[in-house]
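need the 3D shape of this:
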Amino acid sequence: MAAEESEREETTDGGRNVATDGAPTGGTRASRWLGKRWYRTTPGIVTAGLLVVLTALGLAISTGVVAPAFTELDPSAKAAIPPYVYLYGGLGGLAYVFTSLIIEFEKTTEELGRAGLRLLAAPLLAAGIYLLMRFFLTSPSTRQVAGLSFLVGLYVKVTIEALGSLARRLYGRPTKRSQRSRDDAD
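Numbers count the residues shown, from 1 in each chain. Sure, this is the predicted structure:
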């Protein structure tokens, strides 16, 4: 029975313990790269390559080399949110991913994927912050909006915490009594 079970051993790689399978042929296809360093797996290298391509494309668009409509100074009146808000929010997310790889080069594929998930949240949060900015400022400059969008993408977690804090202040924190009365009503 011991021969049938795949052995798992702990190896140290760069100061961190990483579990590896003793039997290289057992398990699913994903188990071959889960828990391994991103630069030692095909999915990790492909993900990093995709992030590089997205960064290059974003930089080309932001400078006006590709799709100059994204860099117009006066966005279309029909659009509620200018496209450059999404662009710079995404660029901020890409900046976070690459700086986190520089700071901690020994990331696993899962950690790289988690950092890459910011690319989905960053443009959406940048759009939300843009809407809040438009509520408080009559006509913010394009540079202010682009800079704030980039910072929102770079600091997704801080933005989420700040928006949560703002929501708690605006709507008030539910007290234990109001939570109990809502639970009783259900």
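
hang on, isn't Y96 packed against G153?
Yes: taking contacts as Cβ atoms under 8 Å, Y96 lies within contact range of G153: 7.1 Å. All C-beta spots, glycine's among them, are computed from the backbone N, C-alpha and C.

please save the CA atoms from the helix or strand encompassing A126 in CSV.
If you go by DSSP states H and E, A126 is part of helix 118-136. Output of helix 118-136 as CSV, limited to C-alpha atoms (Å, rounded to 0.1, in the frame of the first residue of the first chain):
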residue,chain,number,x,y,z
ARG,A,118,-5.1,42.2,-10.2
LEU,A,119,-5.2,42.8,-13.9
LEU,A,120,-8.9,42.0,-13.8
ALA,A,121,-9.7,44.1,-10.8
ALA,A,122,-7.4,47.1,-11.5
PRO,A,123,-9.3,48.6,-14.5
LEU,A,124,-12.7,48.1,-12.8
LEU,A,125,-11.5,49.8,-9.6
ALA,A,126,-10.0,52.6,-11.7
ALA,A,127,-13.3,53.2,-13.4
GLY,A,128,-15.1,53.3,-10.0
ILE,A,129,-12.5,55.8,-8.6
TYR,A,130,-12.9,57.9,-11.8
LEU,A,131,-16.7,58.0,-11.2
LEU,A,132,-16.1,59.1,-7.6
MET,A,133,-13.6,61.7,-8.8
ARG,A,134,-16.1,63.1,-11.3
PHE,A,135,-18.6,63.4,-8.5
PHE,A,136,-16.3,65.6,-6.3
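
in it, what counts as buried?
Buried residues in helix 118-136, defined by neighbour count with 16 or more other Cβ atoms under 10 Å: 118-119, 121-123, 125-130.

tally of neighbours for the closest residue to E110 other than its chain neighbours?
Of all residues not flanking E110 in the chain, L34 sits nearest, at 6.6 Å (Cβ to Cβ, 6 or more residues apart in numbering). Close neighbours of L34, defined as other Cβ atoms under 10 Å, add up to 15.

could you do G44 as well?
For G44, the tally of surrounding residues (other Cβ under 10 Å) stands at 21.

repeat for the one 10 residues further on
Neighbouring residues of L54 were enumerated by other Cβ under 10 Å; the total is 17.

which secondary structure element contains it?
Assigned by DSSP H and E, L54 falls within helix 42-63.

report the angle between the next helix or strand after that helix and helix 118-136.
Next helix or strand after helix 42-63 toward the C-terminus (DSSP H and E): helix 83-103. Here the directions of helix 83-103 and helix 118-136 differ by 130 degrees (axes from the mean of the first three to the mean of the last three Cα atoms, to 10 degrees).
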